[in-house]
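> Requesting a structural model of the entry that follows:
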Amino acid sequence: MDKKSNMKKAMYEMFGVGGDGSEAASTAPAQVKSASVEVKSAPGAEKKSVDHAPVKTPEARPAASFLAPGTVFEGSFRAKGDIEIAGELKGDVASEGSVLLRSNLQSNITAGSVKLTGCTLIGDITANGPVTVSEDSKVTGNITAQSLLCAGEINGDIRISGNTQMDANARVSGSVVTGTISVAAGAVLNGSVEMKGTMEAKS
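Purely as a prediction, here's the structure:
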């Protein structure tokens, strides 16, 4: 074999060319082309959309209102949230939430629930829920509510759809209409009592 043949053979072995003049098959990896596939629905089939239930965002709780000690307010006080009154107020109070009274007031109260602590109230109370009168509180006015817990003094008529509870230090002067009533020993009740249930005496 002559030098030219040797050269062609070496070129063929090293680079894949030469020899018989043809190129060797490329050893580079073959390129794979991506193919798009179209998926067709069966004839007559309708495209269905998936409906997701709407996401409910929690409702924000109404802000509470506070009348600070030393504050004097005259006029109607209305709020959707809870109310705490520790100042002086003359005027009606209405709330969808609870009302906490900590001072001397001349007011009619309408609320979800009412609690009096260290308070003197001249006016009526109307509540969808419970009314609580603490031992150091006094109400001069009528009370209409779902339930009543009285440890203080009430001068007025009472209308309770549920239970009326009078603790040992309770003093009530006025007619009482209630579903049921429990009276602790030592409580004083001056007035008529009309019950839808039975009266229970607590010793």
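
> list the contacts for residue 111?
If you count contacts by C-beta atoms under 8 Å, 6 or more residues apart in numbering, residue 111 has them with 83, 93, 94, 95, 96, 97, 98, 99, 126, 127, 128. (Glycine included, C-beta is placed from N, CA and C.)

> now residue 128
Contacts of residue 128 (C-beta under 8 Å, 6+ apart): 111, 112, 113, 145, 146.

> For the first one, give me phi and psi.
So the one you mean is residue 111. Per-residue torsions, residue 111: phi -160, psi 180 (degrees, to the nearest 10).

> Who does it form a beta bridge with?
Per DSSP bridges, the residues bridged to residue 111 are residue 127.

> do you know how far it is from residue 189?
From residue 111 over to residue 189 the distance is 25 Å, taken as C-beta to C-beta, to the nearest Å.

> The second one now?
Distance, residue 112 to residue 189, by C-beta to C-beta: 27 Å.

> For these two, indicate the residue with more neighbours.
residue 189 (19 against 15; other C-beta atoms under 10 Å).

> which one is residue 186 nearest to, not counting chain neighbours?
residue 168 (3.8 Å; C-beta to C-beta, 6 or more residues apart in numbering).

> and the one you found, that's in a strand?
No. Using DSSP: H, G, I helix; E, B strand; the rest coil, the assignment for residue 168 is coil, not a strand.

> Can you pull the phi/psi pair for it?
phi -60, psi -30.

> for it, what are its contacts?
Residue 168 touches 151, 184, 185, 186, 187, counting by C-beta under 8 Å, 6+ apart.

> Could you rerun that using 6 Å?
Under the criterion of C-beta atoms under 6 Å, 6 or more residues apart in numbering, the neighbours of residue 168 are 184, 186, 187.

> Could you do residue 97 as well?
Applying C-beta under 6 Å, 6+ apart, the residues near residue 97 are 81, 82, 112.
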